[in-house]
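Student: Any chance you can model this:
(one chain, ligands or ions: 1)
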Amino acid sequence: MGSLTRRQVLLGGTALAAAGLIPAIPRTPLTPSMKLMQSALAADIARPDYMVRLSANENPYGPARVALKAINATMHLANRYSGDPRPLMKLLADINGVTSENIVVGTGSSEILNVSGLLASLNSGSSVVCADPTYQDLLRYAEANGAEIIRVPVNESLSPDLDAMRAAVRTDTSMVYLVNPNNPIPSVLEKDQMREFVLEMSKDRLVFVDEAYHEYVDSPDYQSMIPLIAEGHNNIIVSRTASKIHGLAGMRVGFGYSHPDLASRMRRLKTGGTNVLAIEAAFASYSDSEFPNFAIRKNKESRAIVEKMCEELGLRYIKSNANFTFIETGMENKYVQEKMREYGILTGRDFPPYHTSWTRVSMSKPEEMEYFVQVYKQLFA
Ligand SMILES: Cc1ncc(COP(=O)(O)O)c(C=O)c1O
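Tutor: Numbers count the residues shown, from 1 in each chain. From the prediction side, this is the model:
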C-alpha cells in the first residue's frame, strides 16, 4: 500500500482498478461510462473506517440500553440450562391481546419458520404456496423435508398477488406462506383483503403470516393478523421477532402466535431450548418503548434520505414499510454490490428474478444513508 496516494486509499478498488492495480470489471451495457468512473474519482468521499451494513435489515442502534443491562445482569446464569420464558410470554401475551398458551418462543423467528416448514411437509406429497420473491427460510425447510413449493409471482405493483395465490392452491397444499410487509419488496397487503384471504385459506390448511417488520409499518392499509388468533381461529400462525426493531438479531429470539393446540404441536417440534440471556434481553426490551420508538424515528429519517435520492434520480422504488427499500437501479445487482463494496458499503444479495435491475438496501443510521447517497450519486448518477 506504500505507493498508493491518499485518494487511492480513500476510493478503494475503484482507484486501484483505475490505477491498473487490479483487473477492471468487464464492460457491459450496464457498466457506467469511463467519464462517470472518472467523475467518481474526482472527489474524495470521507469513507467510514468500517463496513456500512445495508445488507441484512438489521437495527444499527440495538440492543436497547435496558437489554444490555439485562444481559449483563444475567451473565452469571449462563451456566444453567435454558431460562424461564414464562414472564416474557406473559408480557407478549398482554401486549398482543392473547394468552401465553398462544405463544411459542423460538431461537429467532427462524426457528418458528423452520418448525412450521416441517409441519407443512409432514404429510408426503404436500405443497406450500407463497409469493415470489419472498423470504426463503420456511420454504427451504419445507422443501428439504419433501414439500413442493409453488411460487406465485408478485403482481405489477410488486405486491403478493392474493388472487393468483388463491388460484394456485391445490388439494395437497398444506400451507400458504405470506410475509407482510414482504421481503425483499417492502410492500404491505391491504388489511381487509388480507384478513379475508387468511380466513378463507385457513379453512382447509395452515396459513403462516410472517410479521418480522410489523413495528416499522406506517401504512394505514396494514393490520397485523394476531387478532385472528385472539379470536380463536385455529389454522393460523403469525411470527414476530426481537431481531429487527429491538436490535437483538444476534441473541436469536423470536415468537410464533397460534391457537394453543397448534402452539403445543409446534413446541414439540422445536429443536432447542431458549437462551437465558436472549430471554432476559427481550423481556427488558419489550418492557420499554423508548428504544423501539427511537429506532422507528431514525428508520423513517433514513428511508426519507434514500427516497429523496430516488425521486431526484428518477429511480423507481417501492415505498417502504420496513427497514429496507427496493430500488430499480437498472443495473445488475452484483455490479451495484461490487461497486458499493469498494466504498465500504454492503448492499443486499441477489433476489431473482429481480437481480438484473433491482437492489435491496437496508436502512442504517441517517448519516450512513447520507454516505450511501453520496456514493451512489458519484458512481451512478
Ligand atoms: C421476513 C423475515 N422473516 C424472518 C426473518 C428471520 O428473523 P429472525 O432473526 O427472527 O430469525 C427475517 C430476517 O431477515 C425476515 O426478513
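Student: Contact residues of this structure facing the ligand?
Tutor: 57, 108-110, 135, 179, 183, 210, 212, 241, 243, 249, 254 (C-beta under 6 Å from any ligand atom). Heads up, the C-betas are built off the backbone N, CA and C, glycines and all.
Student: Pick out the residue of the stretch 251-381 of the chain closest to the ligand.
Tutor: Proximity of the stretch 251-381 of the chain to the ligand (C-beta to the nearest ligand atom) peaks at Gly254, 3.6 Å away.
Student: Dig out what that residue forms beta bridges with.
Tutor: Gly106, Thr241 (DSSP bridges).
Student: and the host helix or strand of Ile112, what other elements does it pack with?
Tutor: Counting by DSSP states H and E, the element that carries Ile112 is helix 108-120. Applying 3 or more C-beta pairs under 8 Å, 6 or more residues apart in numbering; DSSP states H and E, we find helix 108-120 packed against strand 103-106, helix 137-144, strand 173-179, strand 206-210, strand 236-241, strand 254-258, helix 260-269.
Student: what's the next helix or strand after that helix packed up against?
Tutor: For helix 108-120, the succeeding helix or strand toward the C-terminus, using DSSP H and E, is strand 127-132. Packed against strand 127-132 by the contact rule (3+ C-beta pairs under 8 Å, 6+ apart) you find helix 137-144, strand 148-153, helix 162-168, strand 173-179.
Student: what about the residue in the stretch 101-250 of the chain positioned nearest to the ligand, neighbour count?
Tutor: Residue of the stretch 101-250 of the chain nearest the ligand, by C-beta to the nearest ligand atom: Gly108 (2.8 Å). By other C-beta atoms under 10 Å, the residues close to Gly108 number 23.
Student: need the helices and strands packed on strand 127-132 in a markdown table with mean pLDDT and distance to Ala230, can you?
Tutor: Converted to a markdown table, the helices and strands packed on strand 127-132 look like this (pLDDT from 0 to 100; distance: least, C-beta to C-beta, whole Å):
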| stretch | mean pLDDT | distance to Ala230 |
| --- | --- | --- |
| helix 137-144 | 98 | 23 |
| strand 148-153 | 98 | 29 |
| helix 162-168 | 98 | 23 |
| strand 173-179 | 98 | 19 |
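Student: Single out the most deeply packed of these.
Tutor: strand 173-179 (a mean of 25; mean count of other C-beta atoms under 10 Å).
Student: if we look at that one, which residues are touching it?
Tutor: The contact list for strand 173-179 (C-beta atoms under 8 Å, 6 or more residues apart in numbering) reads 116, 119-123, 126-131, 134-135, 138-139, 142, 147, 150, 160, 165, 169, 189, 194, 198, 201, 205-210, 212.
Student: just the buried members of the residues you listed?
Tutor: With burial judged by 16 or more other C-beta atoms under 10 Å, the buried subset of those is 116, 119-121, 126-131, 134-135, 138-139, 142, 147, 150, 160, 165, 169, 189, 194, 198, 201, 205-210, 212.
Student: So Phe197 is in contact with Asp161, correct?
Tutor: No - counting by C-beta atoms under 8 Å, Asp161 is not a contact partner of Phe197; they are 10.8 Å apart.
Student: Only alpha carbons, please: show the lengthiest helix in the chain as PDB.
Tutor: Criterion DSSP state H: the longest helix present in the chain is helix 290-313. Provided in PDB are the C-alpha atoms of helix 290-313 (Å, rounded to 0.1, in the frame of the first residue of the first chain):
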ATOM      1  CA  GLU A 290     -38.200   4.300  24.400                       C
ATOM      2  CA  PHE A 291     -35.800   2.400  22.200                       C
ATOM      3  CA  PRO A 292     -38.200   1.000  19.700                       C
ATOM      4  CA  ASN A 293     -39.800   4.400  19.300                       C
ATOM      5  CA  PHE A 294     -36.300   5.900  18.700                       C
ATOM      6  CA  ALA A 295     -35.400   3.200  16.200                       C
ATOM      7  CA  ILE A 296     -38.700   3.800  14.300                       C
ATOM      8  CA  ARG A 297     -38.000   7.500  14.200                       C
ATOM      9  CA  LYS A 298     -34.400   7.000  12.900                       C
ATOM     10  CA  ASN A 299     -35.600   4.400  10.400                       C
ATOM     11  CA  LYS A 300     -38.100   6.900   9.000                       C
ATOM     12  CA  GLU A 301     -35.300   9.600   8.700                       C
ATOM     13  CA  SER A 302     -33.100   7.100   6.800                       C
ATOM     14  CA  ARG A 303     -35.900   6.000   4.500                       C
ATOM     15  CA  ALA A 304     -36.600   9.600   3.700                       C
ATOM     16  CA  ILE A 305     -33.000  10.200   2.700                       C
ATOM     17  CA  VAL A 306     -33.000   7.300   0.300                       C
ATOM     18  CA  GLU A 307     -36.400   8.000  -1.100                       C
ATOM     19  CA  LYS A 308     -35.400  11.600  -1.800                       C
ATOM     20  CA  MET A 309     -32.400  10.300  -3.700                       C
ATOM     21  CA  CYS A 310     -34.700   8.000  -5.800                       C
ATOM     22  CA  GLU A 311     -37.000  10.900  -6.500                       C
ATOM     23  CA  GLU A 312     -34.100  13.100  -7.600                       C
ATOM     24  CA  LEU A 313     -32.600  10.500  -9.800                       C
END
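Student: What separates the first and last residues of stretch 179-198, distance-wise?
Tutor: Terminal residues of stretch 179-198 are spaced 12 Å apart (C-alpha to C-alpha, to the nearest Å).
Student: circling back: distance of the residue of the stretch 101-250 of the chain closest to the ligand relative to Phe291?
Tutor: Gly108 sits 19 Å away from Phe291, going by C-beta to C-beta, to the nearest Å.
Student: same check, this time on Pro63
Tutor: Distance from Pro63 to Phe291, by C-beta to C-beta: 8 Å.
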